[in-house]
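In: When you get a sec, could you give me coordinates for this:
(chains A and B)
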There are 2 protein chains.
Amino acid sequence: MLSEEGFIKLLITTPQTFRLPEPLSLDCGKVLKEVDIRYETAGTLSPQADNAILIAHALSGNAHVCGRYSENDPKPGWWDDMVGPGKAIDTDRYFVICSNVLGSCAGSTGPRSIDPDTGEPYNLNFPVITIRDMVRAQKHLVQSLGVEKLLSVVGGSMGGMQALEWAINYPDMVNSVIPIATTSQLSPQSIAFDWVGREAIKNDPRWNFGNYSPEQVPEGGLATARMLAHITYLSDESMSRKFGRELQDTESYSFAFQRDFAVESYLEHQGRRFVELFDANSYFYITRALDYFDMARRSGGDLAKTFASAKAAFLVVSFSSDWLFPTAESRKIVHALLKNRLNVSFCEIKSDYGHDAFLLEVDALGRMIRDFLRNRLEVQRG
Amino acid sequence: MLSEEGFIKLLITTPQTFRLPEPLSLDCGKVLKEVDIRYETAGTLSPQADNAILIAHALSGNAHVCGRYSENDPKPGWWDDMVGPGKAIDTDRYFVICSNVLGSCAGSTGPRSIDPDTGEPYNLNFPVITIRDMVRAQKHLVQSLGVEKLLSVVGGSMGGMQALEWAINYPDMVNSVIPIATTSQLSPQSIAFDWVGREAIKNDPRWNFGNYSPEQVPEGGLATARMLAHITYLSDESMSRKFGRELQDTESYSFAFQRDFAVESYLEHQGRRFVELFDANSYFYITRALDYFDMARRSGGDLAKTFASAKAAFLVVSFSSDWLFPTAESRKIVHALLKNRLNVSFCEIKSDYGHDAFLLEVDALGRMIRDFLRNRLEVQRG
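Out: Numbers count the residues shown, from 1 in each chain, chains lettered A, B, ... in the order given. Prediction:
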C-alpha cells in the first residue's frame, strides 16, 4: 500500500493479551476461572470512541488480521487484503480489533491451556464452549479498550456467526454487523463433516483421548480432518478450474497410492501446513461449537423471534458457489431480520471460489463493506 | 412378489466362482496369473442366448444382486427391489448375471487373496487395477456362460462406469447399456474425497501399510472413510429431511463429543456396518480405480472420439440432487454419444435422495428400465 507520499506504508501490529476481569460463565453451565484473550488492534480509537470495528475470525483464524509483526515479516495477517491503511476496512479511519476466539490455540485460553486447578493442560477436561461463549469473552475485551459501542462486527463463516450473536446478545453495543458466508444454524451435512473430521483425529493413536505431548501431536489425524474440511471450502467448479485431473510430478498414472494428481498434492500441502499452526484438541472444541450453533433453537425454532432483541443495521453477504453455507442460509437470516423491521442490506456475490470466496473476493466484497461502513459512521455521527 | 397363483414366489440364488481360463493382463502392465470371479445368476438363458443382462455393482456391492440364499434368509440381494420375478429387470424374462468386481472382497480376486507366487495375501503387492480391468474379467465370465451378446449391461455409479467400458471395449457383445448416476471421468472433488478416505485408513495403526491380520483390521480408519463417502451419497436436502438437527438419545446438548445428533448416530451405524462387510485394502484399490477412471483421456481429451467404437443403444439416467455425479456429467456422456449418431435415451429423474437415488428411486427408474429392455429385446429379435 502506497502512502500519499508514494512510499510503502507498513502497518506493524503487536499481539497483546487480555485477562478477563472475572470468571466466565459458559452456556454448558460451567465456569472458566481464568480466561486470557489474545488480540491485536490497528488504527486509532477516535476521541468519541465511535470508530471501533471488531473482526471475528473463522475456524482456523487468529488475532493477526492485518499488518506485519516487523518490517521484515514476510507474511501479513490473514485478511490483510481487506484491512489496513486505505483498504476497505481502513485503519486510517477505523480502530480495528481482532481477537483469537476462546477455545482456539493462538494465544487465547483453550483446551491446551493450563488448568489453574491442576497445573496440567485441560485437554478434554476443558468445558465444551459455544459461539456465544466466544462472544461473551470478546465483550469484556471490547469494553476494556474503552469501547461502549462498536461501529461494526464483521466476520466470515464462523466469524459471521459471532457477528450474529453480537447483534442479539449485546444490541446496545453494536451499530451494525456484517455476517459474511455464514448461517444461523449448522446443517446436518456440516455436522456430519465435523463428525468425520473428529473421527479421523480419534483414529490417530497419538491423539490418546486428547492427552498428547507437544512432541507427539496427532498430526496425521488432524491433517486428514483439515483436508476434508478444505474440500468443503472450495467449489466443484473452482477445483475443476484450479486442478482439473492434472497430474503432478508424474507424466502418467503411477498405478500406486502415492499422490498422482495435483489436487492430491494440494490437499497434502494444506494438511501439512495446518498441523504446524493448529491444535487437534482445539479442532474438537471449535467444531463442536459450530455443531451446536443454532440461533432459532433458543426461540423454539422461530429465527425471527431470536432476532427480536437486535437493533443493528445488517449487511449480509453470501457467495453463489458456497455449498457449505449456501445463499439460501443467508436468505433465511435476511427474512428473519426483515420480519423485525431491521435495516438490512443483502448481496449474493457471483463467485466460483466456493466458501473460501469470503477471503478471495476482496474487490467486490471490499467495495460493499467500505461503502456500508462509511454510511454507518455518518449515521452514527448524525 | 406374488406369483400368478397368488403365492409368494421366492427367488433363491447361489453364489458361484469362475476361474478365468487364462492370466489377466491389466492396464498397469502387470499380469494376474490366477483370477477368480464370484458371480450369481437368476432366470434362464433363452435357447438363442439373447436375453442375458449383466448387472455391474457399485463400490461396496457384490454379486448378490437379487433373491435370497435360502427360504429363511432374512436379507435379499442389494437390488432386489429392481431385479426378480415380475420386477423391472424381470428374471422370468431375462437371464441376469452379476459378478463381484476384480479387486473387491466378496469372493473375487482382490488384494486380500493369496498371491500364488508367495502363498501370502497380496495386500499392497496386488496390482493397481482399473474399471476396464474389471470389465475384462467380466467378459471372460459372460462368454463362459454361453453368452456372445448381452442384451444389456446395467449399473449405477461405478457400475455405470463398467457399463460404459463394455460399450467401447466389446461393442459387438452388447446390444444396449444403461449407465445410471455415473460419470465418464472422476472429478477432482471426488478424487479429493477418495484421497481423504484413504488417508483416514492410513492413520489407523492397525492398517500397517496393508499388512493387517484378519483379527486386527483397521476398523476405525475404514469406518471413517465410509462415513465420509456416505455424506457424498446423500444430498443436503435428504439429510435435512431425514435428520435435520434432531438429537438422538438425549434431550439436550451433552456438551461433550459423544454423538448427540441423529445424523451422527446414523453415520456411526453406517461405519460400523461397513467394516463387517468390507475390506480396507479393497477400499484402497477400488477407490484408486475410480480416481483413474477418465474415458476421454484415452482419446486426448475428446470424449466423442472415445465412443467412436460403440454400437449399443444407451439409456442414460441421472438424478437431480446427485452432487457426486451430477446430471451435467450424464449430459456430457449423452452429447458424446449423439456426436457418434448412437441411439440414446436420457432422463434426469427428479429426486431428493442424492447419489443414493439409484438404489432408492425404484419406481421411476424401474419403469424406464423395464420399457427400455422390452424394446431392446424386440429389436434384437427383429
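
In: outside of stretch A:86-97, which residues touch it?
Out: A:1, A:9, A:11, A:39-46, A:51-55, A:65-66, A:81-85, A:141-142, A:145, A:147, A:151, A:154, A:362, A:365-367, A:369-370, A:373, A:377 (CB atoms under 8 Å, 6 or more residues apart in numbering or on different chains). Bear in mind the C-beta positions are built from the backbone N, C-alpha and C, glycine included.

In: From the opening residue of that stretch to its closing one, how far?
Out: One end of stretch A:86-97 sits 17 Å from the other (CA to CA, to the nearest Å).

In: That stretch: which residues count as buried?
Out: Using 16 or more other CB atoms under 10 Å in any protein chain shown as the test for burial, stretch A:86-97 gives A:K87, A:A88, A:I89, A:D90, A:T91, A:R93, A:Y94, A:F95, A:V96, A:I97.

In: which among those gets closest to chain B?
Out: In terms of CB to the nearest CB, no member of those lies closer to chain B than A:I97, at 28.6 Å.

In: secondary structure element for the closest one?
Out: Per DSSP states H and E, A:I97 falls inside strand A:95-99.

In: Could you point out the helix or strand that follows that strand?
Out: helix A:131-144.

In: near chain B, anything from that following helix?
Out: No. Figure legend: helix A:131-144 not in contact with chain B (CB under 8 Å from any CB of the partner chain); closest approach 10.8 Å.

In: Which parts of the stretch 251-382 of chain A are strands?
Out: Assigned by DSSP state E, counting those that start in this stretch, the stretch 251-382 of chain A shows strands spanning A:313-319, A:344-349.

In: of all those, which lies closest to chain B?
Out: strand A:313-319 (15.1 Å).

In: and A:P15, what does it touch?
Out: A:R38, A:Y39, A:E40, A:A63, A:H64, A:Y69, A:G107.

In: Just the buried ones from the residues you listed?
Out: Buried, going by 16+ other CB under 10 Å: A:R38, A:Y39, A:E40, A:A63, A:H64, A:G107, out of those.

In: Rebuild those as JSON lines, extending it with distance to chain B, pLDDT and secondary structure.
Out: Formatted as JSON lines, those follow (distance: CB to the nearest CB, whole Å; pLDDT from 0 to 100; DSSP: H, G, I helix; E, B strand; the rest coil):
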{"residue": "A:R38", "distance to chain B": "24", "pLDDT": "98", "secondary structure": "strand"}
{"residue": "A:Y39", "distance to chain B": "26", "pLDDT": "98", "secondary structure": "strand"}
{"residue": "A:E40", "distance to chain B": "30", "pLDDT": "98", "secondary structure": "strand"}
{"residue": "A:A63", "distance to chain B": "26", "pLDDT": "98", "secondary structure": "coil"}
{"residue": "A:H64", "distance to chain B": "28", "pLDDT": "98", "secondary structure": "coil"}
{"residue": "A:G107", "distance to chain B": "24", "pLDDT": "98", "secondary structure": "coil"}
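
In: My guess is A:C347 contacts A:M368. True?
Out: Yes. With contacts counted by CB atoms under 8 Å, A:C347 reaches A:M368, the gap being 6.1 Å.

In: Now for those two: what residues contact both?
Out: A:L315, A:V317.

In: More neighbours: which of these two?
Out: Taking other CB atoms under 10 Å in any protein chain shown, A:C347 and A:M368 do not tie; A:M368 has more neighbours (19 against 16).

In: List the contacts of that one.
Out: A:L315, A:V317, A:C347 are the contacts of A:M368 under CB under 8 Å, 6+ apart.

In: Could you point out which of these is nearest to A:E215?
Out: A:V317 (42.6 Å; CB to CB).

In: beta partners for the closest one?
Out: A:I180, A:C347 (DSSP bridges).

In: give the contact list for it.
Out: Contacts of A:V317 by CB under 8 Å, 6+ apart are A:I178, A:P179, A:I180, A:A181, A:S330, A:F346, A:C347, A:E348, A:I349, A:F358, A:L365, A:M368.

In: Against A:D80, how distant is the residue nearest to the fourth one when sequence neighbours are not counted?
Out: Taking CB to CB, 6 or more residues apart in numbering or on different chains, and ignoring the residues beside it in sequence, A:A181 has A:F358 as its nearest neighbour in space, at 4.2 Å. Separation of A:F358 from A:D80 (CB to CB, to the nearest Å): 14 Å.

In: swap in A:V263?
Out: Counting by CB to CB, the gap from A:V263 to A:D80 is 27 Å.

In: who has more neighbours, the two?
Out: A direct count of neighbours by other CB under 10 Å for A:V263 and A:D80 places A:V263 higher, at 27 against 19.

In: which residues sit in contact with A:R19?
Out: A:E34, A:V35, A:D36.

In: Quick check: residues of the stretch 1-150 of chain A near chain B?
Out: Counting by CB under 8 Å from any CB, the stretch 1-150 of chain A comes close to chain B at A:D27, A:C28, A:G29, A:L124, A:P127, A:V128.

In: repeat that for 7 Å
Out: A:C28, A:V128 (CB under 7 Å from any CB of the partner chain).

In: Give the ranges of residues in the stretch 1-150 of chain A that sit below the confidence cut-off.
Out: A:1-8 (pLDDT under 70).

In: and with 50 instead?
Out: A:1-3 (pLDDT under 50).

In: quick one: the helices in chain A?
Out: Ranges of helices in chain A, per DSSP state H, are A:131-144, A:158-169, A:188-202, A:219-233, A:236-242, A:262-277, A:280-291, A:303-306, A:327-339, A:357-360, A:362-381.

In: would CSV of these with distance to B:F274 be doable?
Out: Converted to CSV, the helices of chain A look like this (distance: least, CB to CB, whole Å):
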stretch, distance to B:F274
helix A:131-144, 33
helix A:158-169, 31
helix A:188-202, 13
helix A:219-233, 17
helix A:236-242, 25
helix A:262-277, 23
helix A:280-291, 23
helix A:303-306, 37
helix A:327-339, 31
helix A:357-360, 35
helix A:362-381, 42
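
In: what about those helices, which gets the closest to B:S238?
Out: Comparing the helices of chain A by CB to CB, helix A:188-202 comes nearest, at 9.6 Å.

In: my guess is A:P111 meets A:Y283, correct?
Out: No. The pair A:P111 / A:Y283 is not scored as a contact, 9.5 Å apart, by CB atoms under 7 Å.

In: thinking again about what came up before, please work out which of the strands of the stretch 251-382 of chain A is packed deepest.
Out: strand A:313-319 (a mean of 26; mean count of other CB atoms under 10 Å in any protein chain shown).

In: per-residue confidence averaged over it?
Out: Averaged across strand A:313-319, pLDDT comes to 98.

In: now that strand against helix A:362-381, angle please.
Out: 170 degrees (axes from the mean of the first three to the mean of the last three CA atoms, to 10 degrees).

In: end to end, how far does stretch A:174-194 reach?
Out: With CA to CA as the measure, stretch A:174-194 spans 31 Å from end to end.
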